[in-house]
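Participant: Fold the following.
(one chain, ligands or ions: 2)
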Amino acid sequence: ATPTALLVGTGRGAQLGILIKGPEVLESTRTVDTVVLDKTGTVTTGRMSLVDVVVAEPARTPVADPNNGESAAFRSEGRDGSEKHAEVRIPDAESSARAQLLRLAGALEHASEHPIAQAVARAAADETGALPEVESFQNVPGKGVSGIVDGHAVLVGREALLADWALTPDAGIQDAKAHAEALGRTAVLVAWDGEVRGLLVVADQVKPTSAEAVAQLTSLGLTPVLLTGDNAAAARAIADEVGIERVIAEVLPHDKVAVVKDLQAEGRVVAMVGDGVNDAAALAQADLGLAMGTGTDAAIEASDITLVRGDLRSAADAIRLSRATLGTIR
Ligand code: ADP
Ligand code: MG
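Facilitator: Numbering: from 1, shown residues only. Ligands and ions are numbered 1, 2, ... in the order given. A predicted model of the protein is given here:
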């Protein structure tokens, strides 16, 4: 490739909203055969909103029944008239349980920059007003957050975070979570004082251009792979929506780079498209790193190419541009 041709190609890229770091980048762009796509903020808009709040049934202390050995907790499901009466839900109590869930979770999430956290904090402030102060806040990357709010030890995050504290959601919460995830949504658990209290469901939207971008990348002969820290069911739903077969989900932030290395070990030449701080190491490891221009500085710095418009179709444009540039001058 002559320097002039490369310069022309790079200039043409800039016109298309594709900022190329150096002339050598066009060569690696030409040879990629696999494109790893981060989910949140890359395939989806990354602007999450709270779409559902599920309050857990208060835990009852099971009391042995002297008559038939069944627990009182089981009997209270409605076999006995008087027990059933105690189960009747008072709307006020229900709405205050919801408000408490939002208040404590929202206060904690207010201290986090995660898109899920911002959606939760915003909705909580809208619904319940000013949020309480947080003490000893901790962010657990890829899992969630913990801290003290109003004297309660609160956790908000994925199942793995709660499992670290030996907490498991009850069947009702697990069902609600599975249902939300099957719709491509992300459900995070809320616990305090040693009990799982509920579920917050957030949703994000696939960018309108993502499906077309995946179709273009596929027709250029690339294999798309969806990579995310999110749960497998939500990842699968999003992948189906945009036409991606291979999904690698529930990957902790520091393991994204290992996924790229594994694909390279399979003999693939890997492009990675991402936007987050979490993606930076994987973007640097990839044979070609492409950052969304709408993403974080860390992702942009670690990449070879910046897609200024944050439109995934620009990734396909970049491949076509490099093939055209290098193809004509060989
Ligand atoms: P992604 O790859 O989608 O950017 P992350 O690696 O940041 O995801 O997070 C993975 C998962 O960890 C999230 O889907 C969520 O379940 C949980 N999580 C991370 N941070 C938070 C938070 N601040 N609040 C609630 N859940 C969180
Ligand atoms: Mg992302």
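Participant: isn't L183 right up against A237?
Facilitator: Yes: judged on Cβ atoms under 8 Å, L183 makes contact with A237 at a distance of 6.4 Å. Every C-beta, even on glycine, is put in place using the N, C-alpha and C of the backbone.
Participant: Those two - which one has more neighbours?
Facilitator: Just comparing L183 and A237: by other Cβ atoms under 10 Å the higher neighbour count belongs to A237, 17 against 14.
Participant: Pull up the gap between that one and V273, please.
Facilitator: 20 Å (Cβ to Cβ, to the nearest Å).
Participant: Please spell out which residues along the longest strand seen in the chain are buried.
Facilitator: The single longest strand within the chain, with elements called by DSSP state E, is strand 195-203. Neighbour-count burial for strand 195-203, counted by 16 or more other Cβ atoms under 10 Å, picks out 196-203.
Participant: do stretch 152-167 as well
Facilitator: 152, 154-159, 161-162.
Participant: filter these down to the ones close to ligand 1.
Facilitator: 156-158 (Cβ under 6 Å from any ligand atom).
Participant: ok, residues contacting stretch 252-267?
Facilitator: For stretch 252-267, the external contacting residues (Cβ atoms under 8 Å, 6 or more residues apart in numbering) are 34, 36, 38, 141-143, 225, 227, 229, 248, 251, 270, 272, 277-279, 281-282, 284-287.
Participant: let's go with 7 Å and repeat that
Facilitator: Contact partners of stretch 252-267, identified using Cβ atoms under 7 Å, 6 or more residues apart in numbering, comprise 34, 36, 141-142, 227, 229, 248, 251, 270, 272, 278-279, 281-282, 285-286.
Participant: same deal with stretch 320-327?
Facilitator: By Cβ under 7 Å, 6+ apart, stretch 320-327 touches 1, 5-6, 9, 12-13, 16, 18, 26-27, 29-30.
Participant: Name the SS class of L104, please.
Facilitator: helix (DSSP: H, G, I helix; E, B strand; the rest coil).
Participant: no wait, R30
Facilitator: Assignment for R30 (three-state DSSP): helix.
Participant: what about it, how many neighbours?
Facilitator: Neighbour tally, R30, other Cβ under 10 Å: 18.
Participant: Contacts only, for it.
Facilitator: By Cβ under 7 Å, 6+ apart, the contact set of R30 is 322-323, 326.
Participant: Export the residues you listed as JSON lines, with columns for pLDDT, secondary structure and distance to I173.
Facilitator: Formatted as JSON lines, the contacts of R30 follow (pLDDT from 0 to 100; DSSP: H, G, I helix; E, B strand; the rest coil; distance: Cβ to Cβ, whole Å):
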{"residue": "S322", "pLDDT": "88", "secondary structure": "helix", "distance to I173": "49"}
{"residue": "R323", "pLDDT": "87", "secondary structure": "helix", "distance to I173": "50"}
{"residue": "L326", "pLDDT": "83", "secondary structure": "helix", "distance to I173": "54"}
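Participant: Closest one of those residues to ligand 1?
Facilitator: Nearest to ligand 1, judged by Cβ to the nearest ligand atom, of those is S322 at 27.7 Å.
Participant: what number of residues lie near that closest one?
Facilitator: S322 has 25 nearby residues by other Cβ under 10 Å.
Participant: quick one, phi/psi of A280?
Facilitator: phi -60, psi -50 (degrees, to the nearest 10).
Participant: Run a quick check on it versus A302, I expect a contact.
Facilitator: Yes: between A280 and A302 there is a contact at 4.1 Å, judged by Cβ atoms under 7 Å.
Participant: Which one of these two is surrounded by more residues?
Facilitator: Higher neighbour count among A280 and A302: A280, with 24 against 21, using other Cβ under 10 Å.
Participant: what does stretch 173-184 contact?
Facilitator: So stretch 173-184 is contacted by 52, 54, 56, 169, 187, 196, 199, 201, 231, 233-234, 237-238, 241 (Cβ under 7 Å, 6+ apart).
Participant: confidence score at the residue nearest the centre of the chain?
Facilitator: Centroid-nearest residue in the chain: D230, 4.3 Å away (criterion: Cα atoms, centre = their mean). Looking at D230, its pLDDT reads 89.
Participant: which SSE is it in?
Facilitator: Using DSSP states H and E, D230 sits within no helix or strand.
Participant: For it, give me its contacts.
Facilitator: With Cβ under 7 Å, 6+ apart, D230 has these contacts: 39-40, 186, 249.
Participant: Distance to E109 added to the buried residues of strand 195-203, as a markdown table?
Facilitator: Listed next are the buried residues of strand 195-203 as a markdown table, based on distance: Cβ to Cβ, whole Å:
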| residue | distance to E109 |
| --- | --- |
| V196 | 17 |
| R197 | 14 |
| G198 | 14 |
| L199 | 14 |
| L200 | 9 |
| V201 | 14 |
| V202 | 10 |
| A203 | 16 |
